[in-house]
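Q: next one to model:
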Amino acid sequence: MNITSAAGIISLLEEPMPELKVFALKKLDMIVDEFWPEISEAIEKIEILHEDKSFPQHDLAALVASKVYYHLGSFEDSLTYALGAGELFDVNARNEYVDTTIAKCIDYYTQQRVLEAEGKLPPTSKGIDPRLEGIVNRMFQRCLDDNQYRQALGLALETRRMDIFEAAIMQSDDVSGMLSYAFQVVMSLIQNRGFRNTVLRCLVSLYRNLGTPDYVNMCQCLIFLDDPLAVAELLDRLSKGSQDCVLMAYQIAFDLYESATQQFLGRVLQALRATAPIPGALMVKPIVKPAAKVSTEAAVSSESTPVMETESTTPVSEEKSQRSVESLNAEEREQQERVDALSSILGGEISIDLHLQFLIRSNHTDMLILKNTKDTIRVSICHTATVIANAYMHSGTTSDQFLRDNLEWLARATNWAKLTATASLGVIHRGHEQEALALMQSYLPRDSGAGAGYSEGGGLYALGLIHANHGAAITDYLLGQLKDAQNESLKPYNNITYTTIYRGFCSQMVRHGGCLGLGLAAMGSHRQDVYEQLKFNLYQDDAVTGEAAGIAMGMVMLGSKSTQAIEDMVAIIELK
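A: Have a look, this model is predicted:
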């Protein structure tokens, strides 16, 4: 039969016999969702029963009190008594009360775990309530038992439970898929850098302990952890293994070049080269040394070739430097060749050369399109657009035939259009690094008299485009040219003449192009000397140079997370 009131059952709570009180609590638990307004008037009696530890069903009293407070909207009190209910609070039940309480429980647990991880718990705190952790653990177990591994992984990351994070991955039927999902979640949703690094370290360990270690994804994690020494150690270990391991090392090296910054790759190279039997015998890429003021003209004039020097950034021990390649045994010679090959791949020479050759062979641009565009539209702004379109169409192909066939038309470019036209050569010859200076020498700054500022600025910009994100060989040259242009602008003149004014005006465009070129060449290198020179140009009272310097500073410090760089940029924004 249906009851219309809970008054009779509530009255049993005042009986002296514990059995009657237990019977009353069981009945109240069954009808609390319907008669909670009446039961709430006797909530104090129920709370007293819960606090009486000698009462055999004090947990049941806590469960009833929790449900009453839930219906009253007091979720904090509801959670407190749900914790007191212990095992009677069934996390597997499917109702609104359980779902809401679990949500509140997880939210509070997450808050406590974050405070604990960050060391922000109050000194008077006794730590996380074991009862709270018990409910969360049962919730985790329910997810794992129901094969809800992604949900368990997400909750584990929210609550910073690395044990559950690992269990959710390793107990799933698709471990590789879960690892991939975990990596995506970590990189897209976790904002705290310290915790993200902890999770990435965990992923590295999981990738390493697979039946077949996933070295590729392991290295991706190490890139975000900014741990080049671990990457170099991995490459060294693989290079000393079987043929398959060596091939894997080469593949990882190609992937690293595609995804890591110049600064990271440089540190990997330095550590890897030190493991070679003879580091000094490794092939190194020529570096253009910044020429002195007297020799600048010789470095860029049409009568001479660029000055090149070979420089190795790898420290060579005295013992290793005394050895020769001929003194190596077969095993050491093979290892020397493997490290040499890895160095070439990480340095980008192989990738750039293959990409360049592919674009040259696959160049099927329709020159008629450009010709018709040039002949049909004769507006100056469209002249620049056509030049840029030609650069895009022939990007990386080294084919500047259209420009050579239309030199008279190209000569119409003036001022900034001339800088753009010159810089477009850098797009066309993207990756053609070995001949870069020879190709651009007629557009580079000279010491002999006042040059064409727009063309020279475009020439430096073009060099940066040719060496974009791979500029170790040209960065010092561009840095030297930028310093020369800066010195020219600061040079005092006793007599103000048209020539001195013109040279100062030209210096502005050279610095603009030089900053952009330097930023592109040193992209992601985090070189402090380059950054300081760009910052010096930024602080000059020159909007044209300042804009380029600001952009270049961002490119140089790409991915550095440098607090000082951010503060410098904020300061100049407030100053302007």
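
Q: next one: the nearest residue to residue 531 once chain neighbours are set aside from residue 379, what distance?
A: The shortest distance from residue 531 to any residue that is not its chain neighbour, by Cβ to Cβ, 6 or more residues apart in numbering, is 5.3 Å, and that residue is residue 556. In short, each C-beta sits where N, CA and C put it, glycine included. Remark: distance between residue 556 and residue 379 (Cβ to Cβ, to the nearest Å) = 37 Å.

Q: ok, residue 529 touching residue 482?
A: No: shown here, residue 529 and residue 482 do not form a contact pair, counting by Cβ atoms under 8 Å, at 11.3 Å.

Q: these two: who's more crowded?
A: It is residue 482, of residue 529 and residue 482, that has more neighbours when counted by other Cβ atoms under 10 Å, with 28 against 11.

Q: what sits against that one?
A: With Cβ atoms under 8 Å, 6 or more residues apart in numbering as the criterion, the residues that contact residue 482 are 460, 511, 514, 515, 518, 533, 537.

Q: mind redoing it with 10 Å?
A: Contact analysis of residue 482 by Cβ atoms under 10 Å, 6 or more residues apart in numbering lists 290, 445, 460, 510-511, 513-515, 517-518, 530, 533-534, 536-537, 545, 549, 552.

Q: the nearest residue to residue 415 once chain neighbours are set aside: neighbour count?
A: On the basis of Cβ to Cβ, 6+ apart, the spatially nearest residue to residue 415 that is not a chain neighbour turns out to be residue 454, at 6.0 Å. With neighbours defined by other Cβ under 10 Å, the count for residue 454 comes to 26.

Q: pLDDT score for residue 454?
A: Looking at residue 454, its pLDDT is 87.

Q: lowest-pLDDT helix or strand in the protein?
A: Lowest by mean pLDDT, DSSP states H and E among the helices and strands of the chain is helix 296-300, with a mean of 34.

Q: sorry, back to before: any idea which element the residue nearest to residue 415 lies in?
A: helix 453-466 (DSSP states H and E).

Q: quick one: residues contacting residue 440.
A: Under the criterion of Cβ under 10 Å, 6+ apart, the contact list for residue 440 reads 300, 306, 422, 425-426, 429, 458-463, 466.

Q: could you do residue 121 as well?
A: Residue 121 makes contact with 112, 114, 115, 127, 128 under the criterion Cβ under 10 Å, 6+ apart.

Q: remind me which residues of this structure are low pLDDT?
A: Filtered on pLDDT under 70, the chain yields the residue ranges 1, 280-323, 325, 447-451, 488-506, 576.

Q: contact partners for the residue lying closest to residue 425 once chain neighbours are set aside?
A: Using Cβ to Cβ, 6+ apart and skipping residues adjacent in sequence, the residue nearest residue 425 is residue 462, 4.9 Å away. Neighbouring residues of residue 462 by Cβ under 10 Å, 6+ apart: 391, 419, 421-430, 436, 439-440, 443-444, 513, 516-517, 520.

Q: 7 Å instead, please
A: Residues near residue 462 by Cβ atoms under 7 Å, 6 or more residues apart in numbering: 422, 423, 425, 426, 440.

Q: which ChimeraX command selects the buried ones in those residues?
A: Selection command for ChimeraX covering only the buried members of those, criterion 16 or more other Cβ atoms under 10 Å:
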select :422,423,425,426,440
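
Q: so which of the contacts of residue 462 belong to helices?
A: 422, 423, 425, 426, 440 (DSSP state H).

Q: surely the fourth one and residue 460 touch.
A: By that I understand residue 426. No: between residue 426 and residue 460 no contact is recorded; they are 9.4 Å apart, counting by Cβ atoms under 7 Å.

Q: all strands of the stretch 1-150 of the chain, in order?
A: Counting by DSSP state E, counting those that start in this stretch, the stretch 1-150 of the chain has no strands at all.

Q: for the ones in helices among the contacts of residue 462, which one is nearest residue 412?
A: Distance to residue 412, by Cβ to Cβ, is smallest for residue 422 among the ones in helices among the contacts of residue 462, at 13.8 Å.

Q: share the number of residues neighbouring residue 23, please.
A: A total of 15 residues lie near residue 23 under the criterion other Cβ under 10 Å.

Q: dump the residue contacts of it.
A: residue 12.

Q: separation between it and residue 15?
A: Counting by Cβ to Cβ - residue 23 and residue 15 are separated by 9 Å.

Q: and stretch 435-455, how far apart are its ends?
A: In stretch 435-455, first residue to last residue: 19 Å (Cα to Cα, to the nearest Å).

Q: ignore the last one, stretch 40-60
A: 16 Å.

Q: and what of stretch 123-137?
A: 26 Å.

Q: number of nearby residues for the closest residue to residue 158 other than its chain neighbours?
A: In space, not counting the residues next to it along the chain, residue 158 is nearest to residue 110; the distance is 5.1 Å by Cβ to Cβ, 6+ apart. Around residue 110 sit 17 other residues, with neighbours defined as other Cβ under 10 Å.

Q: same deal with residue 516?
A: Counted by other Cβ under 10 Å, the residues lying close to residue 516 total 27.

Q: try residue 430
A: Count around residue 430 with other Cβ under 10 Å applied: 23.

Q: can you report phi and psi for it?
A: As for residue 430, its main-chain torsions (degrees, to the nearest 10) stand at phi -50, psi 120.
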